[in-house]
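Engineer: for reference, the sequence and a predicted model appear below.
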Amino acid sequence: MADRTAVPTTPVGIASARSSDPASRGPAARMPSPSAPASRHLRLWWRRRGRGGAVAATFAVALLAAALLLSLSYYASLPLAPTPGPRSSALVGLTLLRRAEEKGALCLDGSAPGYHLQKGSGTGSQSWLIHLEGGGWCRNLKSCASRQKSILGSSHYMESQVEFAGMLSDDVDQNPDFYHWNKVKIRYCDGDHFLGMSKTIFCHSLQNGTKFFFRGQRIWEAVMDELLLKGLRHAKQAFLTGCSAGGLATFIHCDDFRALLPKDSRVKCLSDGGFFLDVEDISKRRTLRSFYSDVVRLQDLKRRFLHCSSTMEPGQCFFPREVVKDIRTPVFVLNPAYDAWQVQHVLAPVASDPQRSWLDCRLDISKCSPNQLEILQGFRKELHDAIRELKQKKDWGVFIDSCFIHCQSLNSFTWHSPSSPRVNNKTIAEAVGDCSLTGER
């Protein structure tokens, strides 16, 4: 089980450098200047002829300039050699769920949910990678109303095409293990981890008549049914993944996903940036637990978490540290020790910092004070303590780096590139590939 314990106090940056090799600047940049030797001969000739040759010299300089201009024009007209670089990521079209209203599987505003499917090829034609999109949650009708007018609450606002990069890429150099698999990105438009399934109250109404459809569980089931018909039921290998809120949904739905597929198929899950911590913030309040409790009450979700005891607050049931206790399917946990989203919204939220003393630190940990760094170290320790409990689980894997970032699996630079974070000298892609395909830890 891979685990990085080195702790830099500055964030890991990703930058592109322009080559200093003259060969990278085209033929015109490599061409030697013809004017240098010519001007030397001209000065010698001027000394020999004296002032009487001034007119002839001026004429000669004009001819030389014209010749140089024609020469440069010729070289400039030559086509430049192509500059090598990463291949552009594929754009994959949006598919709306068929008969969504009939199935009761609707986004917050009542529109049909959607997904993007890129078919596999060759030896990957019977392997499937399903990715659950992230995007936070809505805790009350006001915040849900805002989501209804965005891609996180309505398919009316979703892009017709999205880029498939990182672990969704079809470029073998960028994605060596999964490039040829069937890959699906399921859009997140219900605000509740693909969990809501109100059977008796199908919507809530405000005074202005706005309706809210909390149907996340139905979206999950209907999209899975449609993908099963498109070939998922024949999968030899399958990988359920998700980022942020989608990473938390991956924990929650992992065993459900396993149950859909043939018993002899190889099935695993990956949560990227989804291991949210139930910690006190800088004002000693448990901000995220309170937030989660509101989500659970709004959509009546506590009955979904059978592992919760009656003495626990509703929001406690949502945290991965509780959810993972009952998961039987192997999971790979990918998380930064200094998760940027959690530092900004869980550890040091704006509402808990009236003096704005964390304003710079929460955005750039290189600007943190010694006391703030000590608090960040405590946050890192909380994550390591929680992750340590997973080490007893068979075939699970962990990749914890010290980057100040959130999700990493859909970013081509962090996923698999010279700039990627490494644990045991392996990129994230290599570590995930080893664990999911060979069972190495």
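Structural biologist: Nice, thanks for sending it over. None of the values given here were measured: they were computed from a predicted structure.

Engineer: state the pLDDT value of the residue nearest to residue 107 when sequence neighbours are not counted.
Structural biologist: For residue 107, ignoring the flanking residues on the chain, the nearest one in space by CB to CB, 6 or more residues apart in numbering is residue 189 at 3.6 Å. Just so you know, the C-beta spots here come from the backbone N, C-alpha and C atoms, and that holds for glycine as well. Looking at residue 189, its pLDDT is 97.

Engineer: am I right that residue 189 sits in a helix?
Structural biologist: No. Counting by DSSP: H, G, I helix; E, B strand; the rest coil, residue 189 is located in no helix; its state is coil.

Engineer: quick one, what contacts it?
Structural biologist: 107, 108, 111, 113, 114, 151, 152, 153, 154, 155, 158, 219 (CB atoms under 8 Å, 6 or more residues apart in numbering).

Engineer: from residue 212, how far out is it?
Structural biologist: 12 Å (CB to CB, to the nearest Å).

Engineer: does residue 380 sit in a helix, a strand or a coil?
Structural biologist: Going by three-state DSSP: residue 380 is helix.

Engineer: state the distance from the closest residue to residue 174 other than its chain neighbours to residue 164.
Structural biologist: Setting aside the residues directly before and after it, residue 174 is nearest to residue 412 in space (CB to CB, 6+ apart), at 5.2 Å. Noted for residue 412: a distance of 10 Å to residue 164, by CB to CB.

Engineer: spit out the residues that contact the two alike.
Structural biologist: Common neighbours of residue 412 and residue 164, using CB under 8 Å, 6+ apart, are residue 89.

Engineer: just for the stretch 101-250 of the chain, where's the confidence low?
Structural biologist: 198-208 (pLDDT under 70).

Engineer: output stretch 243-259 in PDB with nothing but the alpha carbons.
Structural biologist: Coordinates of each C-alpha in stretch 243-259 appear next as PDB, following Å, rounded to 0.1, in the frame of the first residue of the first chain:
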ATOM      1  CA  CYS A 243     -13.900  12.800  -8.100                       C
ATOM      2  CA  SER A 244     -14.700  14.900  -5.000                       C
ATOM      3  CA  ALA A 245     -18.500  14.500  -4.300                       C
ATOM      4  CA  GLY A 246     -18.300  11.800  -7.000                       C
ATOM      5  CA  GLY A 247     -15.500  10.200  -5.100                       C
ATOM      6  CA  LEU A 248     -17.700  10.000  -2.000                       C
ATOM      7  CA  ALA A 249     -20.500   8.600  -4.200                       C
ATOM      8  CA  THR A 250     -18.000   5.900  -5.300                       C
ATOM      9  CA  PHE A 251     -17.600   4.700  -1.800                       C
ATOM     10  CA  ILE A 252     -21.300   4.700  -1.300                       C
ATOM     11  CA  HIS A 253     -22.200   2.800  -4.500                       C
ATOM     12  CA  CYS A 254     -19.100   0.600  -4.800                       C
ATOM     13  CA  ASP A 255     -20.800  -2.600  -3.600                       C
ATOM     14  CA  ASP A 256     -24.000  -1.800  -5.600                       C
ATOM     15  CA  PHE A 257     -21.800  -1.600  -8.700                       C
ATOM     16  CA  ARG A 258     -20.200  -4.900  -8.000                       C
ATOM     17  CA  ALA A 259     -23.600  -6.600  -7.600                       C
END
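
Engineer: buried ones in that stretch, by neighbour count?
Structural biologist: 243-254, 257-258 (16 or more other CB atoms under 10 Å).

Engineer: repeat that for stretch 411-429.
Structural biologist: 411-417, 420-421, 423, 426-429.

Engineer: among the residues you listed, which two are most distant?
Structural biologist: Greatest spacing in those, by CB to CB: 412 and 423 (18.5 Å).

Engineer: can I take it that residue 431 is in a strand?
Structural biologist: No. Looking at residue 431 with three-state DSSP, it is helix, so not inside a strand.

Engineer: apart from its chain neighbours, what residue comes closest to it?
Structural biologist: Using CB to CB, 6+ apart, the nearest residue to residue 431 is residue 399, at 5.1 Å.

Engineer: from the contact counts, what lies against the host helix or strand of that neighbour?
Structural biologist: Taking DSSP states H and E as the criterion, residue 399 maps to strand 397-401. Strand 397-401 sits against strand 331-336, helix 370-388, helix 428-433, with contacts defined as 3 or more CB pairs under 8 Å, 6 or more residues apart in numbering; DSSP states H and E.

Engineer: element containing the closest residue to residue 257 other than its chain neighbours, please.
Structural biologist: If the residues on either side of it in the chain are set aside, residue 257 comes closest to residue 240, at 4.5 Å by CB to CB, 6+ apart. Assigning secondary structure by DSSP H and E places residue 240 in strand 237-243.

Engineer: how far off strand 331-336 does whichever helix or strand comes after that strand point, in degrees?
Structural biologist: Downstream of strand 237-243, the first helix or strand assigned by DSSP H and E is helix 245-260. Angle, helix 245-260 to strand 331-336, by axes from the mean of the first three to the mean of the last three CA atoms, to 10 degrees: 170 degrees.

Engineer: quick one, helix 245-260 and strand 237-243 angle?
Structural biologist: Using the same axes, to 10 degrees, helix 245-260 lies at 160 degrees relative to strand 237-243.

Engineer: list the strands paired with whichever helix or strand comes after helix 245-260, with their directions.
Structural biologist: Tracing the chain past helix 245-260, the next element assigned as helix or strand by DSSP H and E is strand 266-272. Here strand 266-272 has these sheet partners by DSSP bridges: strand 237-243 (parallel), strand 331-336 (parallel).

Engineer: shouldn't residue 228 be in contact with residue 260?
Structural biologist: Yes. Residue 228 lies in contact with residue 260 (CB atoms under 8 Å); the separation is 6.7 Å.

Engineer: looking at the two, which is more packed in?
Structural biologist: Per other CB atoms under 10 Å, whichever of residue 228 and residue 260 has more neighbours is residue 260, with 19 against 14.

Engineer: which residues does the more buried one contact?
Structural biologist: Here residue 260 is in contact with 224, 228, 232, 233 (CB under 8 Å, 6+ apart).

Engineer: within the helices and strands, which one has the first one?
Structural biologist: With secondary structure defined by DSSP H and E, residue 224 is part of helix 216-229.
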